[in-house]
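> sequence below, structure please.
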Amino acid sequence: MKITESIRYIGVDDHETDLFEGHFDVPNGMAYNSYLILDGKTAVMDSVDARFSARWLSNLEEALEGRRPDYLIVQHMEPDHSGSIVSFMEAYPGAQIVSSAKAFAMMKNFFGTDFDGRRITAGEGSTLPLGTHTLRFVAAPMVHWPEVLFTYDETEKVLFSADAFGKFGALDVDDPEGWACEARRYYFGIVGKYGPQVQAVLKKLSGLPVEKILPLHGPVLTEDLGYYLDLYNTWSSYGTETEGVAVFYTSVYGHTKEAVLLLADLLRKAGCPKVAVSDLARCDHYEAVEDAFRYGRIVLATTTYNMEIFPYMREFLHSLAERNFRNRKIGLIENGSWAPVAARLMRGQLEGCKNLTFTDTTVRIDSALNEASRAQLQALAREILE
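This is a model prediction of the structure:
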């Protein structure tokens, strides 16, 4: 695929993987992106998962049209992008690897060699001339591994962004929900913990005239780049993307669910623009995580279970806390038949999170809804919307 007159797409689609990184459901597959820059010197931007080495090398050979690659630029060492490095280096013994010092140390760990004698170490601000193109490297540590580099093509005004701006889904599958849905799930599932580091690299990029963004997953971004940059700024600053309330619940015998559905109805009647309800036992875990970061107001509802929180809620809150959950208003609903402690324990799981505001109203359900708990739900609906 031709991206510009001198940049080609040579990546592959993966429809074999059901769980990306072992736990992200990817019903539409994954794209492992790689690019070729044709100039006086030729540069390959990253490799692909080792299972697809043969297909990738075939794509590369076709795009080279008889030439030989001079450089393999390794921006990120996760195996879905670095898995074919050894195959490349064996196929093209005259090529050199360009990467960060930390990446070369990782190569030693992964492959037993750091390609001594065939390496060029790149870092913040260093450049690589190819002829008419000059590549400038931007250090992007912890976006989302410590060795990451972005690469800016000063001639084409193209940003090769490693895993940033990536999304779930193969490129040969149409995504009717658009870019943001699976990009948001990808961001908060994989990158979300590192908001400050994303903010730092966004500041570095703010002075660069970028006309195209070429990530390592998902489509090439060529139009309305402000839309993607604004979303990344909102996500990485833990801001509110969508006005409304997200409600997350678990329910054993249906009474907590009944309370949640009543609350959702009260919120809608009060004029809440959007109410998103997630049953944590049945929904995709990381879709729930993305909604918790998407909305500025959330409600958590669960039962006391073995003097703990119901397991799906406990795991959900753990996922939020480890991703630096912050800047949210939270309401709590607890249910218990003899010693309800769920509200206290939910607050405890989030006690390390910054800038969380809890409503004064906590709804307590003693087994099933009654007049008192219905009144508490009405008070919670009013307070969460204030």
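
> I figured Ala91 was touching Leu57, is that so?
Yes: counting by CB atoms under 8 Å, Leu57 is a contact partner of Ala91 at 6.0 Å. To be clear about C-beta, it is placed using only N, CA and C from the backbone, and glycine gets the same treatment.

> show me which of these two is the more surrounded one.
Taking neighbours as other CB atoms under 10 Å, Ala91 and Leu57 compare with Leu57 leading, 19 against 15.

> roughly how far does that one sit from Gly22?
26 Å (CB to CB, to the nearest Å).

> same question, Ser53
21 Å.

> same question for Asp175.
23 Å.

> these two: which has the busier surroundings?
Legend: neighbour count by other CB under 10 Å for Asp175 and Gly22, higher for Asp175 (18 against 6).

> and the more buried one, its phi and psi?
Main-chain dihedrals, Asp175, degrees, to the nearest 10: phi -110, psi 100.

> tell me who's in contact with the residue nearest to it when sequence neighbours are not counted.
Here the nearest residue to Asp175 in space, its sequence neighbours aside, is Gly169; by CB to CB, 6 or more residues apart in numbering that works out to 5.5 Å. Gly169 is in contact with 26, 28-31, 175, 182, 218, counting by CB atoms under 8 Å, 6 or more residues apart in numbering.

> may I ask which of the residues you listed comes out lowest in pLDDT?
The lowest pLDDT within the contacts of Gly169 belongs to Asp175, with 83.

> in this structure it contacts Asn28, no?
Yes: Asp175 is in contact with Asn28 according to CB under 8 Å; the separation is 6.8 Å.

> what is in contact with these two at once?
Taking CB under 8 Å, 6+ apart as the criterion, Asp175 and Asn28 both touch 169, 182.

> who does the helix or strand of the chain with the lowest mean pLDDT touch, helix- and strand-wise?
When the helices and strands of the chain are scored by mean pLDDT, DSSP states H and E, strand 308-309 comes last with a mean of 89. Applying 3 or more CB pairs under 8 Å, 6 or more residues apart in numbering; DSSP states H and E, one finds that strand 308-309 makes contact with helix 342-349.

> neighbouring strands for whichever helix or strand comes after the helix it packs on, and are they parallel or not?
Next helix or strand after helix 342-349 toward the C-terminus (DSSP states H and E): strand 354-365. Here strand 354-365 is paired, per DSSP bridges, with strand 326-335 (parallel).

> same question for the strand it pairs with, mean pLDDT?
For strand 326-335, mean pLDDT is 97.

> and stretch 52-65, by the same measure?
For stretch 52-65, the per-residue pLDDT averages 97.

> buried residues, that stretch. List them.
By 16 or more other CB atoms under 10 Å, the buried positions in stretch 52-65 come out as 52-53, 55-57, 59-60, 63-64.

> those: which two are farthest apart?
Phe52 and Leu64 (17.8 Å; CB to CB).

> how much space separates the closest residue to Pro146 other than its chain neighbours from Ala122?
Excluding the flanking residues, the one nearest Pro146 by CB to CB, 6+ apart is Lys102, at 5.5 Å. Lys102 sits 11 Å away from Ala122, going by CB to CB.

> between the two, which one's more packed in?
Between Lys102 and Ala122, counting by other CB under 10 Å, Ala122 is the more crowded of the two (25 against 18).

> pretty sure the more buried one contacts Ser99?
Yes: Ala122 lies in contact with Ser99 (CB under 8 Å); the separation is 6.4 Å.

> and for the two, which residues touch both?
With CB under 8 Å, 6+ apart, Ala122 and Ser99 have common neighbours 73, 149.

> what residues of stretch 338-351 count as buried?
By 16+ other CB under 10 Å, the buried positions in stretch 338-351 come out as 340, 342-343, 345-347, 349-350.

> stretch 371-386 now?
Across stretch 371-386, burial judged by 16+ other CB under 10 Å covers 373-374, 376-377, 379-381, 384.

> following the helix or strand containing Trp235, which helix or strand comes up?
Taking DSSP H and E as the definition, Trp235 sits inside helix 225-236. Where DSSP H and E defines the elements, the next helix or strand beyond helix 225-236 is strand 242-249.

> please enumerate residues in contact with that following strand?
Taking CB under 8 Å, 6+ apart as the rule, strand 242-249 contacts 256-257, 260, 263-264, 267, 272-280, 288, 291-292, 294-302, 313, 316, 333, 384-385.

> over to stretch 86-97?
Contacts to stretch 86-97, defined as CB under 8 Å, 6+ apart, come from residues 44, 47, 50, 53, 57, 68-74, 85, 104, 107, 111, 115, 118-120.

> ok, now with 10 Å
Residues outside stretch 86-97 that contact it (CB atoms under 10 Å, 6 or more residues apart in numbering): 34, 42-44, 47-48, 50, 53-54, 56-57, 60-61, 64, 68-74, 84-85, 103-104, 107, 110-115, 117-122.

> about what we covered before: and the angle for the helix holding Trp235 with strand 242-249?
If you take axes from the mean of the first three to the mean of the last three CA atoms, to 10 degrees, helix 225-236 sits at 40 degrees to strand 242-249.

> packing partners for helix 225-236?
Packed against helix 225-236 by the contact rule (3 or more CB pairs under 10 Å, 6 or more residues apart in numbering; DSSP states H and E) you find helix 179-186, helix 195-205, strand 212-214, helix 285-294.

> got the CA positions of it in CSV?
Extracted in CSV, the C-alpha atoms of helix 225-236 (Å, rounded to 0.1, in the frame of the first residue of the first chain):
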residue,chain,number,x,y,z
LEU,A,225,-5.4,14.9,13.1
GLY,A,226,-6.5,17.4,15.7
TYR,A,227,-9.4,15.0,16.6
TYR,A,228,-6.9,12.2,17.4
LEU,A,229,-4.5,14.5,19.3
ASP,A,230,-7.3,16.0,21.3
LEU,A,231,-8.6,12.6,22.4
TYR,A,232,-5.1,11.5,23.4
ASN,A,233,-4.7,14.7,25.4
THR,A,234,-8.0,14.1,27.1
TRP,A,235,-7.3,10.5,27.8
SER,A,236,-3.7,11.1,29.1
